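*Asks:* Fold the following for me, if possible:
(6 chains)
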There are 4 protein chains.
Amino acid sequence: MKAEQKRRQELIAATIREIGAEGTLNVTVSQIAKRAGVSPGLAFHYFGDKEQLFLATMRSILRTYGVLIRANLVGKTEPVERLTAILETNFSPSQFEDGAVAAWLNFYVLAQTSPEAQRLLALYHRRFHSNLVYSLRPLAGDAAHGIAERLGGLVDGLYLRFALNRSHVDPGPAVAQVLKALEVELSALDG
Amino acid sequence: MKAEQKRRQELIAATIREIGAEGTLNVTVSQIAKRAGVSPGLAFHYFGDKEQLFLATMRSILRTYGVLIRANLVGKTEPVERLTAILETNFSPSQFEDGAVAAWLNFYVLAQTSPEAQRLLALYHRRFHSNLVYSLRPLAGDAAHGIAERLGGLVDGLYLRFALNRSHVDPGPAVAQVLKALEVELSALDG
Amino acid sequence: MKAEQKRRQELIAATIREIGAEGTLNVTVSQIAKRAGVSPGLAFHYFGDKEQLFLATMRSILRTYGVLIRANLVGKTEPVERLTAILETNFSPSQFEDGAVAAWLNFYVLAQTSPEAQRLLALYHRRFHSNLVYSLRPLAGDAAHGIAERLGGLVDGLYLRFALNRSHVDPGPAVAQVLKALEVELSALDG
Amino acid sequence: MKAEQKRRQELIAATIREIGAEGTLNVTVSQIAKRAGVSPGLAFHYFGDKEQLFLATMRSILRTYGVLIRANLVGKTEPVERLTAILETNFSPSQFEDGAVAAWLNFYVLAQTSPEAQRLLALYHRRFHSNLVYSLRPLAGDAAHGIAERLGGLVDGLYLRFALNRSHVDPGPAVAQVLKALEVELSALDG
DNA sequence: AATGAATGAGCCTTCATTCAT
DNA sequence: AATGAATGAAGGCTCATTCAT
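*Replies:* Numbering: from 1, shown residues only, chains lettered A, B, ... in the order given. Below you'll find the predicted structure:
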């Protein structure tokens, strides 16, 4: 059982790396298995088929993201401090490592046709939104919802643009823009 | 020659529809050709290979978008009026028809590995940015650049979220959020 | 279209030979295609999948058998003469050539799970039965039906036993037994 | 050792049921093992490979049939009584239970390529024939051999037709035909 | 220009078999 | 004895691409 978890993790990690290397979900299970150092058959033994492997990978990425968010929020109680942590997490190095970018882009594509991928993505959006609203409410009251939607959209859009622009290496400016947007939104409240 | 142009257009239109139907670039050239009412061989005759067909399709989409933007700007001289037109164009019905959403998502994916797709996407981003800055400058001066980046990112992010959420049918709220962001940015300038 | 018919025939013939060579339906489409001198893809192009190829083969075998029966009945009007012709046809060389035996045995197996194979087999049984009854009626009246059932069963059983016994080479004795059974049945009527 | 016999029997029973469920010898050893409640490895441990398992299954079926025949003959001394018992046994419920039909059909197929299966089938035919001849001799003298061959063939053929016709549920009519054939053969002797 | 028959490489998946425990 | 994880060869099927017509 212990070994099984390890194998699964290895296969998922290999999947991310392979998707990253190819940029596409058009990677063969054999390639993934080879990268994980196991036989192709094993991937099917554990995941049933290719799509399940992809979905498990997506779940893993979202889970990792969730863990990271919670870790970054530990001990932070001030709303702005918390908002900053949430927004920054989306641009932390782990979100760009290996094949994370390619995985995200391809999961967007997958979400169009896979109900489960759709569900996972919706869940992620909901949680992200809740996190933002929770900390925005004390600062913005009823405006919190709208602001959260805009910040959420901005994060996704800038992540996308940053990820697609190979000339960028440092996500710093992207984060700065998001934080600036937060500042602008908050300052507009007082106006 | 006239006929050739027509054939090409039909193949490109068929490509968009087919990508839309599948949600993926995993569509067969034969299916595309059948949809266009021609033989598979003809697609290769005109476009060389599958990737060229996709790139031609992407070019076509971006061209159409450019034409639309210019059309919507005709006769508009007020900066805010122009900005509104630019931002709204991104959520106009044509951006969601047929396979437009699927095409966009997949071109993001393609841009990771295809230099030409990358180039086309960068060009689109640059033009979009210039358009915004041009109209923002009179209102925001040096802040125009930053605002344009945020608005551009927001548009992409909200388009993405809207497109992936099958429960939404009317992009109205998304547009409203973008315009609200514009309003917020401008009001923050006076603060 | 002409060429297509030819290809199909070649593939079906190759299928029979290959099933004959292996004794089983566990032959690969690639083997069949190679035997037919075409690429594996072509078999799928024409027949869709392996099962359709098998069913087409079964149809072909039954059609050939039907043609043979009709040919052997031409000009024969005497009931006994016709009955003899019908019964002998089942043991004619063509029923043992190539992979005919293996094909028959395996189609029995296939008929358990494939509705279409079941249907084809039932059709064959019905026709065979009708043919016998038609010529038996003048000789045996109401007993024709029962006699036909017994003769039909005997033909199938002896064909099976003969086909499975590799030490036999000449189906003569089997035919003799069937004709003897006919004689016995007819003589019993007068008793 | 006692346990080993039990395991073997369970595996053989599972093989029959699995062949019956699939209609084919295309059943996986893993499925058989699961049905028998043991690990796949055990099947190989006991039987060596898949074909040996099939042959052991065939032997088991033939042995069971032999036991049944002998049981049904106990206390019967009259030739006609014995013949009836022999012929009826072939259509007794046990010959249609579980996967018996599928097993028989597939063993016919297997007999084409497996010498051992061929041998087992020939042995069964010989014993069946001997049984019939033994009881026919007192009634038919030298004609016994021919009659036995015809009755044997008829049994096989009608079993085959009955087994493949899913619309039949009661083998009664088939048995009646076989017994009628016996009657006809005997009555013809006196002619 | 245009067709569409034909190819064949490649992929997902299955499964008999092995082997460390 | 027994397990079941793991392998890897093989097969059905797809599809980009070619080419004779």
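
*Asks:* how close does A:Gly99 sit to D:Ala117?
*Replies:* To D:Ala117, A:Gly99 is 53 Å away according to CB to CB, to the nearest Å. In short, each C-beta sits where N, CA and C put it, glycine included.

*Asks:* Name the residue in the two with the higher neighbour count.
*Replies:* Using other CB atoms under 10 Å in any protein chain shown, the more surrounded residue of A:Gly99 and D:Ala117 is A:Gly99, with 25 against 22.

*Asks:* low-scoring pLDDT stretches of chain A, where are they?
*Replies:* Along chain A, segments meeting pLDDT under 70 span A:1-2, A:191.

*Asks:* Show me what residue of it gets nearest to chain B.
*Replies:* A:Gly157 (2.9 Å; CB to the nearest CB).

*Asks:* Helix B:144-164 and the helix or strand hosting that residue, what's the angle between them?
*Replies:* Following DSSP states H and E, one finds A:Gly157 within helix A:144-164. Using axes from the mean of the first three to the mean of the last three CA atoms, to 10 degrees, one finds that helix A:144-164 and helix B:144-164 are set 100 degrees apart in direction.

*Asks:* Helix or strand next in line after helix A:144-164, which one?
*Replies:* Following the chain from helix A:144-164 toward its C-terminal end, the next helix or strand by DSSP H and E is helix A:172-190.

*Asks:* tell me which residues in that next one are buried?
*Replies:* By neighbour count on 16 or more other CB atoms under 10 Å in any protein chain shown, the buried set for helix A:172-190 is A:Ala174, A:Val175, A:Gln177, A:Val178, A:Leu179, A:Lys180, A:Ala181, A:Leu182, A:Val184, A:Glu185, A:Leu186, A:Ala188.

*Asks:* Dump it to PDB, keeping only the CA atoms.
*Replies:* Only the C-alpha atoms of helix A:172-190 are listed here, as PDB (Å, rounded to 0.1, in the frame of the first residue of the first chain):
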ATOM      1  CA  GLY A 172       7.700  39.500 -10.100                       C
ATOM      2  CA  PRO A 173       6.100  42.100 -12.400                       C
ATOM      3  CA  ALA A 174       3.000  40.000 -12.700                       C
ATOM      4  CA  VAL A 175       2.700  39.700  -9.000                       C
ATOM      5  CA  ALA A 176       3.300  43.500  -8.700                       C
ATOM      6  CA  GLN A 177       0.400  44.100 -11.100                       C
ATOM      7  CA  VAL A 178      -2.000  42.000  -9.100                       C
ATOM      8  CA  LEU A 179      -1.000  43.700  -5.900                       C
ATOM      9  CA  LYS A 180      -1.400  47.000  -7.600                       C
ATOM     10  CA  ALA A 181      -4.900  46.000  -8.700                       C
ATOM     11  CA  LEU A 182      -5.700  45.200  -5.100                       C
ATOM     12  CA  GLU A 183      -4.400  48.600  -4.000                       C
ATOM     13  CA  VAL A 184      -6.400  50.300  -6.600                       C
ATOM     14  CA  GLU A 185      -9.600  48.500  -5.800                       C
ATOM     15  CA  LEU A 186      -9.200  49.300  -2.100                       C
ATOM     16  CA  SER A 187      -8.400  52.900  -2.700                       C
ATOM     17  CA  ALA A 188     -11.400  53.300  -5.000                       C
ATOM     18  CA  LEU A 189     -13.600  52.300  -2.100                       C
ATOM     19  CA  ASP A 190     -12.800  55.400  -0.200                       C
END
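
*Asks:* okay if I get the buried residues of helix A:172-190 as a markdown table plus distance to C:Thr84?
*Replies:* As requested, these are exported to a markdown table (distance: CB to CB, whole Å):
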| residue | distance to C:Thr84 |
| --- | --- |
| A:Ala174 | 92 |
| A:Val175 | 95 |
| A:Gln177 | 96 |
| A:Val178 | 94 |
| A:Leu179 | 99 |
| A:Lys180 | 100 |
| A:Ala181 | 96 |
| A:Leu182 | 99 |
| A:Val184 | 101 |
| A:Glu185 | 99 |
| A:Leu186 | 103 |
| A:Ala188 | 103 |
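
*Asks:* Count the residues that sit near A:Asp49.
*Replies:* Using other CB under 10 Å, A:Asp49 is surrounded by 10 other residues.

*Asks:* Now the phi/psi pair for it, please.
*Replies:* With angles defined as degrees, to the nearest 10, A:Asp49 sits at phi -150, psi 180.

*Asks:* and the lengthiest helix in chain A, how far from the chain's centre?
*Replies:* Ranked by number of residues, the top helix in chain A under DSSP state H is helix A:115-140. On the basis of CA atoms, centre = their mean, to the nearest Å, helix A:115-140 sits 12 Å off its chain's mean C-alpha point.

*Asks:* same question, stretch A:61-77
*Replies:* 12 Å.

*Asks:* Could you export that stretch as CSV, CA atoms only?
*Replies:* Extracted in CSV, the C-alpha atoms of stretch A:61-77 (Å, rounded to 0.1, in the frame of the first residue of the first chain):
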residue,chain,number,x,y,z
ILE,A,61,-1.7,19.7,-8.7
LEU,A,62,-4.8,21.3,-7.2
ARG,A,63,-4.1,19.6,-3.9
THR,A,64,-0.5,20.8,-3.9
TYR,A,65,-1.7,24.3,-4.6
GLY,A,66,-4.2,24.1,-1.8
VAL,A,67,-1.6,22.9,0.7
LEU,A,68,0.7,25.7,-0.4
ILE,A,69,-2.0,28.3,0.1
ARG,A,70,-2.8,27.1,3.6
ALA,A,71,0.9,27.0,4.5
ASN,A,72,1.4,30.6,3.3
LEU,A,73,-1.6,31.8,5.3
VAL,A,74,-0.4,30.3,8.6
GLY,A,75,0.0,32.9,11.2
LYS,A,76,-1.3,35.7,9.0
THR,A,77,-4.4,37.5,10.4
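
*Asks:* Could you give me the buried positions within it?
*Replies:* Judged by neighbour count using 16+ other CB under 10 Å, the buried positions of stretch A:61-77 are A:Ile61, A:Leu62, A:Tyr65, A:Gly66, A:Ile69, A:Asn72, A:Leu73.

*Asks:* cool, and stretch A:106-124?
*Replies:* Going by neighbour count (16+ other CB under 10 Å), the buried part of stretch A:106-124 is A:106-112, A:114, A:117-118, A:120-122, A:124.

*Asks:* For those residues, work out which two are farthest apart.
*Replies:* Farthest apart among the buried residues of stretch A:106-124 by CB to CB are A:Asn106 and A:Ala122. That separation is 17.1 Å.

*Asks:* ok, back up a step: could you export the buried residues of stretch A:106-124 to a markdown table, including columns for distance to DNA strand F?
*Replies:* As requested, the buried residues of stretch A:106-124 are exported to a markdown table (distance: CB to the nearest atom of the strand, whole Å):
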| residue | distance to DNA strand F |
| --- | --- |
| A:Asn106 | 17 |
| A:Phe107 | 21 |
| A:Tyr108 | 21 |
| A:Val109 | 16 |
| A:Leu110 | 16 |
| A:Ala111 | 20 |
| A:Gln112 | 17 |
| A:Ser114 | 17 |
| A:Ala117 | 20 |
| A:Gln118 | 22 |
| A:Leu120 | 25 |
| A:Leu121 | 25 |
| A:Ala122 | 28 |
| A:Tyr124 | 30 |
